[in-house]
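[1] can you look at this prediction? I've put the sequence above it.
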Amino acid sequence: MKIKNDKLVIQITCLVVSIVLWMTVMLVTNQTLEQSYPNVAVTIRNLPALENSNLVMMNPDKENITVTVKATGLTEQLNSISSRDFTAYIDVLGFKEGITNAKVEVVGPGGVDIVSVYPQQIACNIEGVISKVMDVTVQFDGIHANNYYRGQTVFSPSSVKITGPRSVVNSASKAVATININGAVDDVVKTVPVRIYDDTDNEIFLSAPIGNVKVTVPIYPTKYVALKPSVTGLPEEGYELVDVTVKPERVRIAAEQDVLDTIRELSLEELDITGAYNNILSVRNILNAEGLILLDMTSKPVVNAIVEKIIEREFKFTYDDIQFINKSENTEVILEEGEEITVKVVGTSTLVNELEKSDLILTLDLSETVPGINKVDLQCVSEFTFKEIELSRESLTLEIVEAAGRPQREE
């Protein structure tokens, strides 16, 4: 009987110990704790309603707003959940333009109590959606072929309407359509997109499409042609027109190839020098330039009519200064003694004043002479052209003696 009683005591003791151990474990593992859950994603409710009111939320991180949730619950339950088991949101219904703080609402799993949310509010930057019209500027990528010219660009439409948040639209500085003309030798016609830039040349991206622009860039061949001055009238008596120059002497022109092929030179307006007694400088228009594009001209052509006074000047020559031409090798020429020969030249002042005696050559042409006494015309030749040359003697008498029969001089 005693053995049976001992066994019963042992069994009861074991049961009590087991119950105590179970209760101890349950108290340790299911005690109420507090735990933080970071990076809980926040959704935004009623964004479409906001956009239907021509408003837009400008927060740059609106797709990635997160909060940290602190919750309490039993240890076992808290250990079995994560940040994804919480639902957090803000509601922008009824918000107006400006910055409005939206309260973050959080819903957790059943049996879990939300202690706190950080941050509790999200500052929502709400802007109105506006539009404005901008003129389009065409920019060129690359450069056309050498000896060609880019004409006046035509594009359509000439302006575009942009739509977006107020701050973005207000920051827009220029609307640019870029067209590639690299190596072009003919007209370039392309439809290109329009891009919007701020005043620091950073591109602005708008949610609303902007549209395209059709751009036509005329490309013309070019060439240089001479400018031809024209003078009318006569200067004052005793004066002479020496030269007519023009600056620039030529001009670069551009046109369609069939037109360009017909142009050799371009004429200038006539310059009247009637009664002039000094140089005349005058700006002249280019005639018959219709259909041509005049390039590289910073000013109109200037014609210079050089008018100088007619003066005369005398030079003295001796017989030793005379040169014989067409003289036979076996003959000698004996000139009769005479006075110096005077050569008077009449011409424009610059030419005559700068003239040297060596610029004038007296000659006797012996091609038609015969042995014996001959009378030969005296000529004065020069590389310069004078209004008049007058010699004090028109001819000279000379004797042609064959070398073998030349008389011996007395000692």
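    Arrived safely, thanks for sending.
[2] got the contact list for residue 186?
    Residue 186 makes contacts with residue 219, as judged by CB atoms under 8 Å, 6 or more residues apart in numbering. C-beta coordinates here come from the backbone N, C-alpha and C atoms, glycine included.
[3] am I right that it is in a strand?
    No: counting by DSSP: H, G, I helix; E, B strand; the rest coil, residue 186 is not part of a strand but coil.
[4] pull out the buried positions in stretch 157-175.
    Buried residues in stretch 157-175, counted by 16 or more other CB atoms under 10 Å: 160, 162-165, 168-169, 171-172, 174-175.
[5] can I assume residue 203 is in contact with residue 194?
    No: look at residue 203 against residue 194 with CB atoms under 8 Å: they stay out of range, at 11.2 Å.
[6] those two: which has the busier surroundings?
    The neighbour count for residue 203 versus residue 194, taken as other CB atoms under 10 Å, is higher for residue 194 (22 against 9).
[7] just the strands in the stretch 151-300 of the chain please.
    In the stretch 151-300 of the chain, the strands defined using DSSP state E, counting those that start in this stretch lie at 154-156, 159-165, 174-180, 188-197, 203-204, 212-217, 219-232, 239-247, 250-254, 265-272, 280-283, 293-295.
[8] which strands and helices sit next to the helix or strand harbouring residue 69?
    Assigned by DSSP states H and E, residue 69 belongs to strand 66-74. Contact analysis of strand 66-74 by 3 or more CB pairs under 8 Å, 6 or more residues apart in numbering; DSSP states H and E lists strand 32-45, strand 113-118 as its packing neighbours.
[9] need those in CSV (columns: mean pLDDT, distance to residue 377 and mean neighbour count).
    Formatted as CSV, these follow (pLDDT from 0 to 100; distance: least, CB to CB, whole Å; neighbours: other CB atoms under 10 Å):
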stretch, mean pLDDT, distance to residue 377, mean neighbour count
strand 32-45, 93, 116, 15
strand 113-118, 94, 125, 14
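[10] flag the shaky bits of the protein, pLDDT-wise.
    Within the chain, the ranges that satisfy pLDDT under 70 run 1-9, 11, 13-30, 404-411.
[11] domain assignment for the chain?
    Domain segmentation of the chain under automatic domain parsing yields 1-29, 32-119, 129-217, 222-309, 318-405.
[12] the third one: how far from the chain's middle?
    Which is domain 129-217. Averaging C-alpha positions (CA atoms, centre = their mean, to the nearest Å) puts domain 129-217 16 Å from its chain's average.
[13] cool, stretch 214-224 as well?
    Per CA atoms, centre = their mean, the displacement of stretch 214-224 from the mean C-alpha position of its chain is 15 Å.
[14] now do stretch 309-319
    With CA atoms, centre = their mean as the basis, stretch 309-319 stands 60 Å off its chain's centre.
[15] one more: stretch 315-327?
    Chain-centre distance of stretch 315-327: 67 Å, with CA atoms, centre = their mean.
[16] follow-up on the earlier one: just how off-centre is the strand holding residue 69 within its chain?
    63 Å.
[17] pull up the pairing partners for that strand, direction included.
    According to DSSP bridges, strand 66-74 forms sheet pairs with strand 32-45 (antiparallel), strand 113-118 (antiparallel).
[18] and of these, who's closest to residue 126?
    Closest to residue 126 of those is strand 32-45 (CB to CB; 11.5 Å).
[19] residues contacting that closest one, please?
    Under the criterion CB under 8 Å, 6+ apart, residues 57, 62, 64-75, 78, 81-83, 86-93, 104, 106, 115, 122 lie in contact with strand 32-45.
[20] can you do 7 Å?
    For strand 32-45, contacts defined as CB atoms under 7 Å, 6 or more residues apart in numbering pick out 57, 62, 65-75, 78, 82-83, 86, 88-92, 104, 106, 115, 122.
[21] the helix or strand just after it: which residues count as buried?
    Counting by DSSP H and E, the next helix or strand C-terminal to strand 32-45 is helix 47-52. Neighbour-count burial for helix 47-52, with 16+ other CB under 10 Å as criterion, is recorded at 47, 50.
[22] stretch 217-234 now?
    Buried residues in stretch 217-234 (16+ other CB under 10 Å): 217-222, 227, 229, 231.
[23] just the CA coordinates for that stretch, please, in CSV.
    C-alpha atoms of stretch 217-234 as CSV (Å, rounded to 0.1, in the frame of the first residue of the first chain):
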residue,chain,number,x,y,z
VAL,A,217,16.3,74.8,-94.1
PRO,A,218,17.3,76.2,-97.6
ILE,A,219,20.9,75.4,-98.5
TYR,A,220,22.3,77.4,-101.4
PRO,A,221,25.6,77.1,-103.4
THR,A,222,27.8,80.2,-103.4
LYS,A,223,30.5,81.8,-105.4
TYR,A,224,32.5,85.0,-105.7
VAL,A,225,31.8,87.5,-108.5
ALA,A,226,33.5,90.8,-109.4
LEU,A,227,31.9,94.2,-108.7
LYS,A,228,32.0,96.4,-111.8
PRO,A,229,32.0,100.2,-111.2
SER,A,230,30.6,102.6,-113.9
VAL,A,231,31.5,106.3,-114.4
THR,A,232,29.7,108.9,-116.4
GLY,A,233,30.6,112.5,-117.3
LEU,A,234,33.9,114.3,-117.7
